[in-house]
Structure formats: structure tokens, C-alpha cells
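Colleague: Give me a 3D structure for the following:
(one chain, ligands or ions: 1)
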Amino acid sequence: MVIAAGGATLGYNLLQANPKFTKKVPIIVIHGGTSGLGLTKEEFAKREAIMQKSLLAGQKILTDGGSATDAVIVAIKIMEDNPLFNAGKGAVFTADGFNELDASLMDGSTKKAGAVAMSRAIKNPIEAARVVMEKTWHTLIAGEGADKLAKENGLEMVNQKYYFTQERYNQLQEAKKKDKLLLDSDKVKTHLNLYTEPYLGTVGAAALDSKGNLAAGTSTGGMTNKMTGRIGDSPIIGAGTYADNDSLALSCTGTGDIFIRVATGHEASSLYKYKKLSAQQAVEETIKQVAALGGEGGIVSVDKNGIPGFAWTKNKLGMFHGLARVGEKPQVFFPVAR
Ligand code: ASP
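Modeller: Presented below is the predicted three-dimensional model:
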């Protein structure tokens, strides 16, 4: 892990310095959400361990010749199952005290996609996104319909208690007191002294496989104190998740309501495809648009040549992100803003 004090783009600069980086190699990139900047090394280390596990699992699929879609799902599931992340177990609460989960998946080779929103009972929403993509002719299924579909397709179902963590519950009470929506990064910024643990966010992944196919996925509990029924960017194809074999695959995290308005996923892909920006330039330009509308968050991406791009609103937060190229050691970064 690299904690880049004073160097917001250190993670990316390191990659650019890697001579092997020009070779097209299957790769997976992931994020574990954004966070405030006051975290300790120990706090980083805990998250890094899970993210390393996630990268290794995705990398193994790619090394064995598996698909980008499979790699993305496996990597996301590991983070969904860990209560440290705001996805699956450990999801944040709505204003009414529910956990409502959103997830999406897109295959860049077919441009097929699937997503679920407002699920209250699926253990791994990313698996349900795959069911929507592969077994229905729809793209987004919400609420009870999503839970019913998952159950009918044999996915593991849970009750609301499964998602509960005391930290997330406390976070809701804090948000209510302040009458505001909290990103995980807000949690860390404003309440670091109240809790021993920071609360990292949404999870996502994008990958390029050995056949040259791209895929991306995202999974989240959303934003603390969101209105019950609110759907963020994470299950919206073209916003929180996008993949196109002719450009890039990406996953977003942050203030989803604004990411939707920027159509972040499609915007970055279009900047790459039509304006011929690099993967890095495309996500940086897109994040600028998010910031211009008052949004916060970040994007991880990988282009059709296996070149990654990482960008986030750097003024107040960092983004946990990592990458694993086949044949190389996975790396996790949490660069600190300037
Ligand atoms: N983008 C997510 C949402 O708005 C939240 C996050 O990424 O932290 O639902």
C-alpha cells in the first residue's frame, strides 16, 4: 500500500513509471470507496488486506483465462462480504432505518448489463445484477421484484439483520442529528474522534480479460440517511458503471445523485472514444464535471488496452483503489490529497 502524503496522484505516477506497463496484459482494477484523510496506518492496513484478497481473486480468474465479468464479480463479492465496506454486509441505513442495496454489472463485449436497486434481502447484490443481465431481457429491477428474482434464481437470501453493524447504525443517528446525507468519507472527516473505525464506501471493479473483453461492476448500500426508495448512481448503467469494448470499463463511487446528472460512466467512455483522451484524462475530466456540480467521489477505469485510470475529487478525500495485472503483484493505494 502507498500512502502518498502530499502527492495526490502518486498511485498513478508509480504505474506510469513501470516499464512493463505499455504491454497489453489482462488487468483488474478495484475501489473500496472514498474516505476522509485522517485515517491511521492500521486503519488502512485492514482495508488493504481485504482489497488485496479481492484483487488476487479477480487476478486468478484472469490468469486462468476466465472472463472479465467473472473477475469483476468475484472481486466485488469479497468486499460485499466484509462489513468494513458499504456493500452487502455493512451497508449503510436509509432515513427510516432500512438497508437498501444497489448493484450493477456490464459486459463490454455484448454491452449487455444488469442491475438491482433497493434490494432488502440479497446477500450479494452483484450476483443478482448478473441474473438480471443473463436471465432477463431487462436492465434494472428494483425493490421486491429484485429480491423475488434473486430468490427464484437460487441466490443466497438474508434478512435485514444480516446487514446490521453498530457503526453504520451510529452513523445514521449522527446523520439524523445533523440532518444531512453522509458519504462514508464525510463520516470519517466529521466524526473521526467518535469512532475507532473509519467507514469506507461503495465497492467496484473493472477488468480486461485475455480475449480483450472489458467488464465493470459496482455494489453499494448507498448514502447514509438517504430517503427510503432513493436510488443512486451505482445501479445506473452509464452513470455508476459502464463497459464498452471500444473504449473502457469503469466503476464510480461518491455522491451518486450528481454522478447520475453527469452520466459519468458514459461521459468518460465518450471522452475516450470520440475526444481521444487517455483513460486517465477521461476520468479526470469527468470527475471535474462532478466537482463542478458540487459532487464528491471517484472513478476507477481500465481501457481496451489494459491501461488504468484513477481519479477522485482530491480537495477533501482519498479513494481506496488498487490494480492487479496478470503476472504482477497486486497493489493497493490510498493517496492523500494535496
Ligand atoms: N455512489 C453511492 C450512492 O450514491 C455512494 C458511494 O459511492 O459512497 O449511492
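Colleague: Please name the residues that touch residue 163.
Modeller: Residue 163 makes contact with 88-91, 99, 101, 221, according to CB atoms under 8 Å, 6 or more residues apart in numbering. For every residue, glycine as well, the C-beta is placed using N, CA and C.
Colleague: run the last query once more with 7 Å
Modeller: By CB atoms under 7 Å, 6 or more residues apart in numbering, the residues touching residue 163 are 89-91, 99.
Colleague: residue ranges of the helices in the stretch 51-200 of the chain, please?
Modeller: With DSSP state H, counting those that start in this stretch as the criterion, the stretch 51-200 of the chain has helices at 68-80, 125-135, 143-152, 160-163, 166-178, 184-191.
Colleague: check contacts around residue 125.
Modeller: 88, 101-103, 116, 119, 219.
Colleague: wait, does the helix or strand residue 282 falls within contact the ligand?
Modeller: For residue 282, the element it lies in under DSSP states H and E is helix 279-292. No: judged by CB under 6 Å from any ligand atom, helix 279-292 stays clear of the ligand, getting no closer than 10.6 Å.
Colleague: hmm, who's touching that helix?
Modeller: The contact list for helix 279-292, computed with CB under 7 Å, 6+ apart, reads 12, 248, 250, 254, 258-259, 262, 264, 267-268, 271-272, 277, 297-299, 301-303, 307-313.
Colleague: Alpha carbons of the helix or strand just after it, in PDB - could you do that?
Modeller: Per DSSP H and E, helix 279-292 leads on to strand 297-303 as the next helix or strand towards the C-terminus. Taking C-alpha atoms only, strand 297-303 is exported to PDB below (Å, rounded to 0.1, in the frame of the first residue of the first chain):
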ATOM      1  CA  GLY A 297     -16.100  10.900  -5.200                       C
ATOM      2  CA  GLY A 298     -14.000   9.000  -7.700                       C
ATOM      3  CA  ILE A 299     -13.700   6.600 -10.600                       C
ATOM      4  CA  VAL A 300     -11.600   3.600 -11.400                       C
ATOM      5  CA  SER A 301     -11.300   2.500 -15.000                       C
ATOM      6  CA  VAL A 302      -9.400   0.300 -17.400                       C
ATOM      7  CA  ASP A 303      -9.300   0.900 -21.200                       C
END
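Colleague: chain center to strand 297-303: distance?
Modeller: In terms of CA atoms, centre = their mean, to the nearest Å, the gap separating the centre of strand 297-303 from the centre of its chain is 9 Å.
Colleague: can you pull the buried residues of it?
Modeller: When neighbours are counted by 16 or more other CB atoms under 10 Å, the buried residues of strand 297-303 are found to be 297-303.
Colleague: Intersect the residues you listed with the contacts of the ligand.
Modeller: Within the buried residues of strand 297-303, those near the ligand by CB under 6 Å from any ligand atom are residue 297.
Colleague: And the buried residues of strand 297-303, which is closest to the ligand?
Modeller: Checking those against the ligand by CB to the nearest ligand atom gives residue 297 as the nearest, at 5.9 Å.
Colleague: which residues does the closest one bridge with?
Modeller: Judged by DSSP bridges, the bridge partners of residue 297 are residue 254.
Colleague: show me what contacts it?
Modeller: Counting by CB under 7 Å, 6+ apart, residue 297 touches 34, 252-255, 259, 290, 312-313.
Colleague: Turn those into a markdown table, columns for distance to residue 55 and pLDDT.
Modeller: Output for those, formatted as a markdown table (distance: CB to CB, whole Å; pLDDT from 0 to 100):
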| residue | distance to residue 55 | pLDDT |
| --- | --- | --- |
| 34 | 18 | 86 |
| 252 | 19 | 97 |
| 253 | 17 | 95 |
| 254 | 21 | 92 |
| 255 | 26 | 91 |
| 259 | 24 | 97 |
| 290 | 25 | 95 |
| 312 | 18 | 91 |
| 313 | 24 | 87 |
